[in-house]
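Chemist: sequence and predicted model, in that order:
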Amino acid sequence: MMRRWIAVIGLTLLCACHKAPAPVPVPQVALWAINGPGKTGGWLLGTVHSLPPGTVWRRPAIDAAMASADRLVMEIGEQIDPAIAGKALARLAMTPGLPPPTARLDPAGAKALLAAYQLLGLNDDKFRDEESWAVALQISALATQKEGVDPDDGVEPQLRARMAGKPVAGLETVDSQFAVFDGLPARAQNLLLADVAREATAHRDSDADMLALWLKGDDLGLAREANSDFLADPALHEALLTARNRAWTVQIDSLLRSGEHPFIAVGAAHVAGRDGLPEMLRAKGWTLKRVY
């Protein structure tokens with residue numbers, strides 16, 4: 001069931017489908033230069049996990065920032081081994097005696113989950129004793145895979161290739177990302193599962209719109225997306241976005257103060273809005289300026 005789960009493990013990250021992106025004259029993916037008093041800090045970029053083939057998103061300013069940086073910092077630094085990820089999931093996801101996933105949801109959510117099962121060739125027995133967050137991640141991963149999305153076409157692999165030879169660090173680990181989901185209350189997990197099930201069977205025309213927002217560097221538009229669907233729920237928004245941003249800000253602040261010059265690339269939802277990384281880093285005393 002795990003396969004290429006990493007394509008959607010950070011469900012707060014925007015994920016584009018295989019449809020052609022809306023045309024934009026020149027990509028303006030948001031890039032920030034981070035500076036402190038009298039010294040250069042690093043750079044911050046919002047990413048999407050998967051891209052339609054041939055999507056042009058880099059521009060000279062991004063390439064220059066990567067060349068100047070002394071390291072790459074991403075959500076997870078190590079290359080993902082699906083077998084290891086599967087074991088990590090199993091350590092947290094199983095709770096003996098849980099009711100079937102469809103029985104945990106309200107009638108509308110159960111109907112959506114059954115429709116997702118039919119689409120993907122699944123049933124409740126496939127998820128016996130698995131917590132709702134784990135069911136949601138796996139359904140989302142399989143639905144994404146069914147649509148033909150290849151995570152190897154995403155931004156992260158391109159960044160690794162462009163910055164080959166430089167150190168790569170992670171703000172989280174596979175285990176800590178799973179732990180974020182595992183810590184969600186049951187109500188929030190079930191809300192997440194129902195929303196993921198609905199999305200799995202919906203026409204994903206909005207994906208092209210989200211990709212267009214990212215390519216245009218539309219902060220306001222991305223902030224709206226980061227407060228929609230399941231992320232409109234306060235518990236899910238706090239756990240999946242705001243709390244993680246606070247933890248990452250501490251790490252990034254420490255790295256910058258040590259004199260390093262990182263190129264930081266995290267999901268686009270994490271750099272948008274009042275609780276995004278740019279605002280949190282400004283609160284730490286750093287100056288962030290959009291690079292065009």
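Modeler: Yes, it's here. Numbering: from 1, shown residues only.
Chemist: use CA for all of it now, contacts and neighbours both
Modeler: Fine.
Chemist: so which residues of the stretch 1-150 of the chain form helices?
Modeler: Assigned by DSSP state H, counting those that start in this stretch, the stretch 1-150 of the chain shows helices spanning 60-68, 82-93, 101-104, 107-120, 132-146.
Chemist: who's in contact with the residue nearest to residue 272 when sequence neighbours are not counted?
Modeler: Leaving aside its chain neighbours, residue 272 sits nearest to residue 223 (4.9 Å; criterion: Cα to Cα, 6 or more residues apart in numbering). Residues near residue 223 by Cα atoms under 8 Å, 6 or more residues apart in numbering: 269, 272-273.
Chemist: mind telling me what element residue 223 is part of?
Modeler: Element membership for residue 223, per DSSP states H and E: helix 219-225.
Chemist: which residues of this protein score low on pLDDT?
Modeler: 1-25, 148-152, 203-207 (pLDDT under 70).
Chemist: buried residues of stretch 51-59, list them for me.
Modeler: For stretch 51-59, the neighbour count (16 or more other Cα atoms under 10 Å) marks 51-52, 57 as buried.
Chemist: do the same with stretch 63-80
Modeler: By 16+ other Cα under 10 Å, the buried positions in stretch 63-80 come out as 65-66, 69-77.
Chemist: ok, stretch 277-285 next?
Modeler: When burial is assessed from 16+ other Cα under 10 Å, stretch 277-285 yields the following buried residues: 277-281.
Chemist: what does stretch 189-201 rub up against?
Modeler: 104-105, 109-110, 112-113, 115-116, 119, 131-133, 135-136, 139-140, 143-144, 181, 229-230.
Chemist: ditto for stretch 282-292
Modeler: Residues from elsewhere that reach stretch 282-292 (Cα under 8 Å, 6+ apart): 28, 30-37, 61, 253, 278, 281.
Chemist: got TSV for those, with distance to residue 245 too?
Modeler: As requested, these are exported to TSV (distance: Cα to Cα, whole Å):
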residue	distance to residue 245
28	23
30	17
31	17
32	16
33	18
34	16
35	19
36	20
37	23
61	25
253	12
278	10
281	10
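Chemist: got a quick ChimeraX command for the buried subset of those?
Modeler: Those of these that count as buried under 16+ other Cα under 10 Å are selected in ChimeraX with:
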select :28,30,31,32,33,34,35,36,253,278,281
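Chemist: all strands of the protein, in order?
Modeler: Along the chain, counting by DSSP state E, strands occupy 31-36, 39-47, 71-76, 168-172, 262-267, 287-290.
Chemist: in the chain, which residue sits furthest out from the middle?
Modeler: residue 38 (33.0 Å; Cα atoms, centre = their mean).
Chemist: how near is that residue to residue 264?
Modeler: Applying Cα to Cα, to the nearest Å, the value for residue 38 to residue 264 is 21 Å.
Chemist: same check on residue 254?
Modeler: 13 Å.
Chemist: check residue 184 too.
Modeler: For residue 184, the distance to residue 264 - Cα to Cα - is 27 Å.
Chemist: what about those two, which has more around it?
Modeler: Shown here are residue 184 and residue 264; by other Cα atoms under 10 Å, residue 264 has more neighbours (24 against 18).
Chemist: which residues touch the more buried one?
Modeler: 42-45, 72-74 are the contacts of residue 264 under Cα under 8 Å, 6+ apart.
Chemist: nothing else from me, thank you.
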